[in-house]
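>>> Sequence first, predicted coordinates after that:
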Amino acid sequence: MNAHRRLRELVTLVVGIVALHTPLSHAQSAATSIGKSTLVAAIVPNYPPFEYKDPTTDKLMGFDVDLGEALAAKLGVKLEWQETSFDQMMSALTTHRVDVILSGMTDLPARRESVNFLDYITTGPQFYTVKARAGEFASMDALCGKAVGASRRTSFPNDIANWSGEHCVKAGKPPVKVVGTDGSSDARMQLRQNRIDAAVQGGETLPYQNSVEQNAYAPIGQPFLSQYTAIGMSKDNTALNTALTTAFNQLVADGTYQKILAKWGLQQHAVPKALVNAGK
């Protein structure tokens, strides 16, 4: 009996040791497969709640920052953030100055000519105005003939123009006057200064903006497109593409992804699993 008990105890001990080291083994395997101990991620910290800097500590914060750190942990690598301009991110990736783009980038077919996208959250451009003028925009049709601003570095100006063509011009109404701005914060400033009538930014970011600006903004209608926000990955690094996709699915499976979404109030924008190049 003693021998049998000792055998069971030994088996239990071995199983426990294996279980304890399995996550580490997976991480070591992933790090070996991508051939790097550190990943460099491009980021533009001006798009809360995805990425921004704490005004007190100057520390990087946001959903993308937390997600990037969680992915790096799964891969068993360190993550180095490299701040850059939005205009430079694609070239930084294709010339291998960075390994990934993790900065609220939309998965668009035109961008996939040189970059693969791991789609990790749903998004969509949202018209909005200052709360004091909400009564002027009972419907989205009221935007026809109005000046609407959006960051010129995004697809939003083209998206607005396309929406205007379908809903204003075809109906015999004046087109929307599209105003390119120097980022979403500039669009909000111009809106507050009455230099534009409305603006567009990702619908998932507007609740956060209202939370820090005392409900200053009112949405106009619903997001007028369905899109994905994605991690940009180099087309010539299949091993890293595969490792990141696997790591993301592991974060979904163990609940980490859902916890990060909840932290930033983005639960309704979750994807069920990793999607690659799924944007339309």
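Structure received.
>>> neighbours around the residue nearest to residue 62 when sequence neighbours are not counted, how many?
Nearest non-adjacent residue to residue 62, counting by CB to CB, 6 or more residues apart in numbering: residue 51, 4.2 Å away. (Each C-beta comes from the backbone N, C-alpha and C, glycine too.) Counted with other CB atoms under 10 Å, the neighbours of residue 51 add up to 23.
>>> Run through the bridge partners of residue 51.
residue 47 (DSSP bridges).
>>> tell me the strands in the stretch 101-250 of the chain, going along the chain?
With strands called from DSSP state E, counting those that start in this stretch, the stretch 101-250 of the chain shows them at 115-123, 125-130, 147-151, 177-181, 198-202, 217-220, 227-234.
>>> right, and the ones you listed - which one's nearest residue 86?
Residue 86 lies closest to strand 147-151 among the strands of the stretch 101-250 of the chain, at 8.1 Å (CB to CB).
>>> averaged over its residues, what pLDDT does the closest one have?
Averaged across strand 147-151, the pLDDT comes to 97.
>>> Compute the inter-axis angle for it and strand 198-202.
30 degrees (axes from the mean of the first three to the mean of the last three CA atoms, to 10 degrees).
>>> Begin at 24, not 1, for the rest of this chat.
Sure, I'll start numbering at 24, so the last one becomes strand 170-174.
>>> strand partners of strand 170-174, parallel vs antiparallel please.
Short version: by DSSP bridges, strand 170-174 pairs with strand 200-204 (parallel), strand 221-225 (parallel).
>>> What separation is there between the residue nearest to residue 85 and residue 274?
Separation of residue 74 from residue 274 (CB to CB, to the nearest Å): 18 Å.
>>> mind listing the helices for the stretch 124-273 of the chain?
Here the stretch 124-273 of the chain has its helices, by DSSP state H, counting those that start in this stretch, at 179-190, 207-215, 229-235, 261-276.
>>> List the buried residues in whatever helix or strand comes next after the longest one.
Past helix 261-276, further along toward the C-terminus, the next helix or strand under DSSP states H and E is helix 279-286. By neighbour count with 16 or more other CB atoms under 10 Å, helix 279-286 contains the buried residues 279, 280, 283, 284.
>>> still on that earlier bit, name all residues that make contact with the residue nearest to residue 85.
66, 67, 68, 83, 84, 85, 86, 87, 88, 126, 127 (CB atoms under 8 Å, 6 or more residues apart in numbering).
>>> Take those and lay them out in TSV including neighbour count.
As requested, those are arranged in TSV below (neighbours: other CB atoms under 10 Å):
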residue	neighbour count
66	24
67	21
68	21
83	18
84	17
85	23
86	27
87	29
88	23
126	26
127	27
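>>> Report the contact partners of residue 77.
residue 84.
>>> Equivalent analysis for residue 232, please.
By CB under 8 Å, 6+ apart, the contact list for residue 232 reads 71, 211, 224, 239, 240.
>>> What is the nearest of those to residue 180?
Relative to residue 180, the closest of the contacts of residue 232 is residue 224; by CB to CB it sits at 12.0 Å.
>>> number of nearby residues for that closest one?
That count, for residue 224 with other CB under 10 Å as the rule, works out to 25.
>>> follow-up on the earlier one: pipe the strands of the stretch 124-273 of the chain into TSV and attach distance to residue 288 per row.
Output for the strands of the stretch 124-273 of the chain, formatted as TSV (distance: least, CB to CB, whole Å):
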stretch	distance to residue 288
strand 138-146	12
strand 148-153	15
strand 170-174	22
strand 200-204	25
strand 221-225	13
strand 240-243	15
strand 250-257	15
